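Undergrad: any chance you could fold what I've pasted below:
(one chain, ligands or ions: 1)
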Amino acid sequence: MKKETKNLSWSKIIQLHLRSIADIHRLFPKLYPYMIVQRILDALKPYISIYISAQLINELAGLRRAEVLWFWVFLAISYAVVIALISNLLNYVKNNQTAFFGSRKNQGLLTAKLLSMDYADMDNQNTRDLYYQIMQNENWMNWGIQRTFQLFPNIVKDVTSIIGAIALTYSLFTIPVPDTAGRLTLLNHPLFVPALFLLMIGISALSGFCLSKAAAHTSDNTESAKFSNRLNSFYGKLGSQTKRAADIRLYKQQTISLHYFTHYNIWGLDSKLAKESAGAVGIYSAIADGISALFTGIVYVFSCLKAWTGAFGVGSITQYVGAVTALSGSLSSLVRLVGEMKVNAEYLEITYDFLDIPNSMYQGSLTTEKRSDRQYEVEFQDVSFQYSGTDRWALRHVNVKFQIGSRLAVVGENGSGKTTFIKLLCRLYDPQEGRILLNGIDIRKYNYRDYMNIFSVVFQDFQLLSQPLGANVAGCKAYDRERAKKALINAGFGERLASLPEGLDTQLYKDFSEDGVVISGGEAQKIAIARALYKDAPFIILDEPTAALDPIAEAEIYAQFNQISGDRTAIYISHRLSSCRFCDEILVFDKGEIVQKGSHETLVTLENGKYHELWHAQAQYYAEQ
Ligand code: ADP
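TA: Coordinates of the predicted model:
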């Protein structure tokens, strides 16, 4: 698989890099100032040594004055000490700043974006694809913002190095060869300097070009590397996942994993990438190095000839050769970095496509007011909804009005639209057709956070955090302990709570603490229910959080919950009809539509109805059981 190459304009390439530099600076304000000072010092460091050495050699080969020699020796030593001190200090600060740079940067940009985007976008396959693509690009050679982090200071270093080299080599071209030098006075020809300069630029550009070709070749493997990284990140972790340990052993899943490693791994010694390293990538890098060496040779000859004519001392040869070698190295490195910028811009574009996903959900400003009488009435008016990327209606022409304080059951087979109905009610998605009204006003007109506040939902796949129990229930660190305790007791967790020595402060799970408590699925579900109760919202919704339990246990929990939900409007979702018989009204979903409404007693008698069909199918199953 070859990466598609886009031809981005240079203004776009620079704009993308400036934006990523600004983002890095925003997240790590001290990082670049330190790194840049450090890189400037790094760039100048060799030149100062070169210059001092040249002066020492010139003096040794010339007048040999002790005080002058001592002066240069003193300068060389103090310079080395001062530079070592500053450099180490800056390095220490920089390392401190860059510790976990990758994950801290991702937390500040990618995760922050994921957390702030509309739920509908988060749940969209394109969004997930973009996100994984960015992560893969980073894993594979640090492309994207991670690459900018190094690129920018290195460009500063190369530019400084070029300026330093020009300052040190300036006199190589300006000091004339004496008239006594015979044919070598040709070196004074006015065209000699520009010719040599052009040669130098040409050679450096060629060497940089070869290096960037090598980088582009490696980048061509991005697609296969992405896939390989994906395999690695999935199969590589398989062995360490406790949840999978039993399945792996029982079904010999390690055999399938090894198959993937051997057949799709691009990192192997005989892989295409390994062959390319010995082929195109290696050859381009070798040519680049060879060209640079050739260039140093030319400058060597030029400075030796000039020194031979007596234009300057032998010490200056060290200075010129050292400086010009560094100049050539920095020029080719700069060309390579500029080439890398071109490649990197394509990856940055993907990153910003992701970060720029707009929050397009309309945000109203009306407040829902926390009403103590809980008089909130919701109505679905001819609501239809399709998930993005599908052409099937998950909900079609749904009309329903919830009676305040009533118990409503939503039943139907798997895939009939029950969860979608709840997600629309909570405005996790907006319907394509129809409206949902809260107290007669379209829910889009309310402030979104306010609107969310009127719902407590326990979803099927609820998630608890590896945090203390009380913090899980309250959703924050500082909370009302009595209220949290009461919610847990009401949710049926009282006995277990009493048995926990640390009570509400018990750490859940062992991710962050050896003393963490691993709770069972049923206990987790009770905590999730307590969390919903603690929120004390006017609507309380249970979306089959009990799917793992048997029908009798589920029915018990629902009945118990019926008592504790008090004067709230409660909605129960289940594909087990028996669990919800106590409800005032039952909505029967089938293929995204509400096909029946009514009480259990009425619905069960309607022989041609869906409810009757489902009820008898399930009753027969349980009877057989
Ligand atoms: P239920 O809760 O009754 O089991 P759902 O509301 O979860 O049903 O699903 C209704 C339909 O929408 C199903 O066909 C399901 O495959 C589809 N669906 C659910 N979630 C998504 C999603 N995120 N993207 C695409 N289709 C979905």
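Undergrad: ranges for the strands of the stretch 451-600 of the chain?
TA: Using DSSP state E, counting those that start in this stretch, the strands of the stretch 451-600 of the chain run over residues 455-458, 539-543, 569-574, 585-590, 593-598.
Undergrad: ok, the last one: who's next to it in the sheet?
TA: Looking back up the chat, that one is strand 593-598. Here strand 593-598 is paired, per DSSP bridges, with strand 585-590 (antiparallel).
Undergrad: show residues contacting the strand or helix carrying residue 19.
TA: In this assignment (DSSP states H and E), residue 19 forms part of helix 10-27. With CB atoms under 8 Å, 6 or more residues apart in numbering as the contact definition, helix 10-27 has outside contacts at 8, 31-32, 104-105, 108-109, 144-145, 148-149, 151-152, 341-342, 344-345, 348-349, 351-352. C-beta here means a position set from N, CA and C on the backbone, and glycine is covered the same way.
Undergrad: switch to 10 Å and redo it
TA: Helix 10-27 is contacted by residues 6, 8-9, 31-33, 101, 104-105, 107-109, 112, 144-149, 151-153, 155, 338, 341-349, 351-352, 355 when judged by CB atoms under 10 Å, 6 or more residues apart in numbering.
Undergrad: likewise for stretch 245-255?
TA: Identification of contacts with stretch 245-255 by CB under 10 Å, 6+ apart yields 235, 238-239, 241, 244, 256-257.
Undergrad: mind checking which of those residues are buried?
TA: Using 16 or more other CB atoms under 10 Å as the burial test, these include 235, 238, 257 as buried.
Undergrad: contact residues of the protein facing the ligand?
TA: Contact residues (CB under 6 Å from any ligand atom) of the chain with the ligand: 123, 387, 390, 394, 412, 414-420.
Undergrad: what do you get if the cut-off is 5 Å, keeping everything else the same?
TA: Counting by CB under 5 Å from any ligand atom, the residues of the chain close to the ligand are 387, 394, 414-420.
Undergrad: where in this structure is pLDDT low?
TA: 1-6, 222-227, 229-230, 233, 261-269, 369-374, 545-554, 620-625 (pLDDT under 70).
Undergrad: separation between residue 509 and the ligand?
TA: Note on residue 509: its distance to the ligand, by CB to the nearest ligand atom, to the nearest Å, is 27 Å.
Undergrad: quick one: residues contacting the residue nearest to that residue when sequence neighbours are not counted.
TA: Nearest residue to residue 509, sequence neighbours excluded (CB to CB, 6 or more residues apart in numbering): residue 466, at 4.4 Å. Applying CB under 10 Å, 6+ apart, we find residue 466 in contact with 472, 507-513, 516.
Undergrad: and with 8 Å instead?
TA: 507-512, 516.
Undergrad: how many residues are close by whichever residue of the stretch 51-200 of the chain sits closest to the ligand?
TA: The ligand sits closest to residue 123 of the stretch 51-200 of the chain, with a gap of 5.0 Å, by CB to the nearest ligand atom. Counted with other CB atoms under 10 Å, the neighbours of residue 123 add up to 15.
Undergrad: check contacts around it.
TA: 387, 428.
Undergrad: likewise the one 4 residues further on?
TA: Residues near residue 127 by CB under 8 Å, 6+ apart: 117, 121, 354, 357.
Undergrad: please identify which helix or strand holds the closest residue to the third one other than its chain neighbours.
TA: In space, not counting the residues next to it along the chain, residue 354 is nearest to residue 130; the distance is 4.3 Å by CB to CB, 6+ apart. Using DSSP H and E, the secondary-structure element containing residue 130 is helix 125-139.
Undergrad: can you put the strands of the stretch 451-600 of the chain in TSV and add distance to residue 205 and mean neighbour count?
TA: Output for the strands of the stretch 451-600 of the chain, formatted as TSV (distance: least, CB to CB, whole Å; neighbours: other CB atoms under 10 Å):
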stretch	distance to residue 205	mean neighbour count
strand 455-458	62	22
strand 539-543	64	24
strand 569-574	67	25
strand 585-590	68	22
strand 593-598	68	18
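Undergrad: adding distance to residue 619, write these out as JSON lines.
TA: JSON lines is the format used below for the strands of the stretch 451-600 of the chain (distance: least, CB to CB, whole Å):
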{"stretch": "strand 455-458", "distance to residue 619": "27"}
{"stretch": "strand 539-543", "distance to residue 619": "22"}
{"stretch": "strand 569-574", "distance to residue 619": "15"}
{"stretch": "strand 585-590", "distance to residue 619": "16"}
{"stretch": "strand 593-598", "distance to residue 619": "17"}
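Undergrad: count of neighbours near the residue nearest to residue 368 when sequence neighbours are not counted?
TA: Distances taken as CB to CB, 6+ apart place residue 450 nearest to residue 368, at 4.4 Å, with adjacent residues excluded. Look at residue 450: counted by other CB under 10 Å, it has 15 neighbours.
Undergrad: repeat for residue 13
TA: Applying other CB under 10 Å, we find 19 residues neighbouring residue 13.
Undergrad: next one: residue 46
TA: By the criterion of other CB under 10 Å, residue 46 has 18 neighbours.
Undergrad: check residue 45 too.
TA: Counted by other CB under 10 Å, the residues lying close to residue 45 total 18.
Undergrad: quick check, it in contact with residue 84.
TA: No - taking CB atoms under 8 Å as the definition, residue 45 is not a contact partner of residue 84, at 9.7 Å.
Undergrad: check contacts around the residue nearest to residue 368.
TA: Counted by CB under 8 Å, 6+ apart, residue 450 has contacts 366-368.
Undergrad: go on, residue 37?
TA: Residues near residue 37 by CB under 8 Å, 6+ apart: residue 90.
Undergrad: buried residues in whichever helix or strand it is part of?
TA: Using DSSP H and E, residue 37 sits in helix 31-61. When burial is assessed from 16+ other CB under 10 Å, helix 31-61 yields the following buried residues: 31-32, 34-48, 50-59.
Undergrad: what does stretch 464-482 give?
TA: Buried-residue list, stretch 464-482, by 16+ other CB under 10 Å: 464, 467-474.
Undergrad: quick check: of the residues you listed, which lies closest to the ligand?
TA: residue 464 (21.4 Å).
Undergrad: residues contacting that closest one?
TA: For residue 464, the contact set (CB under 8 Å, 6+ apart) comprises 472, 508-509, 519, 524, 527-528.
Undergrad: next, give phi and psi for it.
TA: Residue 464 adopts backbone torsions of phi -100, psi 160, taken as degrees, to the nearest 10.
Undergrad: what's the closest non-adjacent residue to residue 120?
TA: residue 429 (4.9 Å).
Undergrad: out of the contacts of residue 450, which are buried?
TA: Burial by neighbour count, 16+ other CB under 10 Å: within the contacts of residue 450 this picks out 366, 368.
Undergrad: can you put the contacts of residue 450 in a markdown table and add secondary structure?
TA: Listed next are those as a markdown table, based on DSSP: H, G, I helix; E, B strand; the rest coil:
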| residue | secondary structure |
| --- | --- |
| 366 | strand |
| 367 | coil |
| 368 | coil |
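Undergrad: just give me the closest of the contacts of residue 450 to the ligand.
TA: For the contacts of residue 450, the minimum distance to the ligand (CB to the nearest ligand atom) is 25.0 Å, reached by residue 368.
Undergrad: I figured the closest one hits residue 448, correct?
TA: No - counting by CB under 8 Å, residue 368 does not reach residue 448; the two are 10.2 Å apart.
Undergrad: which residue ranges make up the domains of the chain?
TA: Split into domains by automatic domain parsing, the chain comes to 10-221+266-355, 373-454+539-599, 462-536.
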